[in-house]
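S.K.: Got a predicted structure here, sequence first:
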Amino acid sequence: MKKRCVALLFAAVLLLTGCQPTYNENDPNYPGGTMGEQNDTHGNTENKDNQYDTDYGVTGDDTLGNENITTAAGVDAEKLSGLSTESKDWGPGGPKDEKNRSQGALLYNKTYGGYNAVFLSEQSEEVYMTFDEGYEYGLSGDILDTLKEKGVKAMFFITGDFAKSEPELVQRMIDEGHVVGNHSWKHPNYSGLSVEEAEQDLMQLHNYMKENFNYEMKYFRFPSGNFSERALAEVQQLGYRSVFWSFAYKDWLTDAQPGEAESLQKIVDSACPGMIYLLHAVSKTNANILGQVIDGVAAKGFTWGDPSRL
């Protein structure tokens, strides 16, 4: 009864705040830290360009060497005009249900699922591994080795800089059956872009992958988890499914890595049906414990699913 009351109160608060969850740094139910930590995953959104330049190697080159940017499906700006541009910052947390699933993720599925967005898979009992790849830190090869050894498929969300600078790794991801997802060309806050700017940024990477790897991208992850209703609808119009996550933790600071034992326990203990893990491939901790994570989650009775079915 007490848990039910807490859940009802949580849902009411989300609705009153426009479905925008905020959590305290010390909330034990939040997997891995604060909303602020998750928002800093790819740079502070108020100073995102400078932070991203520092942390993710943006070169400042916005061009593909192709002036004609074509779209996968085309955007109907008129249909987008009445939708909200209010920025939402996603980070799972808060109360869990009886299956250990984030109620925030379930609520966001209900609120935004109509835009072909998923925060936690409710159609599967499997769990899914995804990585964000803003730049290469020398660990992606080890991660791919472990995934191959364990027979697990993952989804790698790459930026334009990663695609340009790491063609061999991108090709290996494709060849070994992983999904390569679109994490934007320049990693901007999409809720702050015009319809035209968002389309150009997304389609630059889409077209680059098609032209250079003969690969058709289908999945998108919003930089830093920042989105708006209009941005979700636009990404959907461009033929993409927006994949968020059900777990993330502060693993992206290369000079302040979390402890391996603590991280392993945190990741494994958070497992639930439909879980979408977000890990960063720049994390030495993640690279070292990945095999144990895969085995530990499987030991709890979960199967690692193919993310192409998300």
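M.R.: On my side now, so go ahead. Please read all numbers here as calculations on a predicted model, not as lab measurements.

S.K.: Poorly predicted segments of the stretch 51-200 of the chain, please.
M.R.: Low-confidence segments of the stretch 51-200 of the chain (pLDDT under 70): 51-73.

S.K.: can you give me the strands in it?
M.R.: 88-89, 117-118, 128-133, 154-158, 179-182 (DSSP state E, counting those that start in this stretch).

S.K.: Nearest to Gly301 among these would be which one?
M.R.: Between Gly301 and the strands of the stretch 51-200 of the chain, the tightest spacing by CB to CB is seen for strand 128-133, at 15.7 Å. C-beta here means a position set from N, CA and C on the backbone, and glycine is covered the same way.

S.K.: roughly how far out does the closest one sit from the chain middle?
M.R.: 7 Å (CA atoms, centre = their mean, to the nearest Å).

S.K.: Over to stretch 167-175?
M.R.: With CA atoms, centre = their mean, you get 19 Å for stretch 167-175.

S.K.: who touches it?
M.R.: Residues outside stretch 167-175 that contact it (CB atoms under 8 Å, 6 or more residues apart in numbering): 136, 140-141, 144, 156, 158, 162-163, 180, 209, 212-213, 215.

S.K.: one more time with 7 Å, if that's ok
M.R.: Contact with stretch 167-175 is made by 136, 140-141, 144, 156, 158, 163, 180, 213, 215, as judged by CB atoms under 7 Å, 6 or more residues apart in numbering.

S.K.: List the buried residues of it.
M.R.: For stretch 167-175, the neighbour count (16 or more other CB atoms under 10 Å) marks 169-170, 173-174 as buried.

S.K.: Quick check: the gap between the closest residue to Lys164 other than its chain neighbours and Ile158.
M.R.: Leaving aside its chain neighbours, Lys164 sits nearest to Tyr208 (7.5 Å; criterion: CB to CB, 6 or more residues apart in numbering). Note on Tyr208: its distance to Ile158, by CB to CB, to the nearest Å, is 10 Å.

S.K.: for Leu80, same thing?
M.R.: Distance from Leu80 to Ile158, by CB to CB: 26 Å.

S.K.: out of these two, which sits in the more crowded spot?
M.R.: Counted by other CB atoms under 10 Å, Leu80 and Ile158 do not tie: Ile158 has more neighbours, with 29 against 17.

S.K.: re the thing from before, quick one, which of the strands of the stretch 51-200 of the chain is nearest to Gly225?
M.R.: Smallest distance to Gly225 across the strands of the stretch 51-200 of the chain (CB to CB): 6.0 Å, for strand 88-89.

S.K.: Show me how far the closest one is from its chain's centre.
M.R.: Strand 88-89 has its C-alpha centroid displaced from the chain centroid by 13 Å (CA atoms, centre = their mean).

S.K.: list the residues that contact both of Tyr208 and Ile158?
M.R.: Going by CB under 7 Å, 6+ apart, no residue sits against Tyr208 while also sitting against Ile158.
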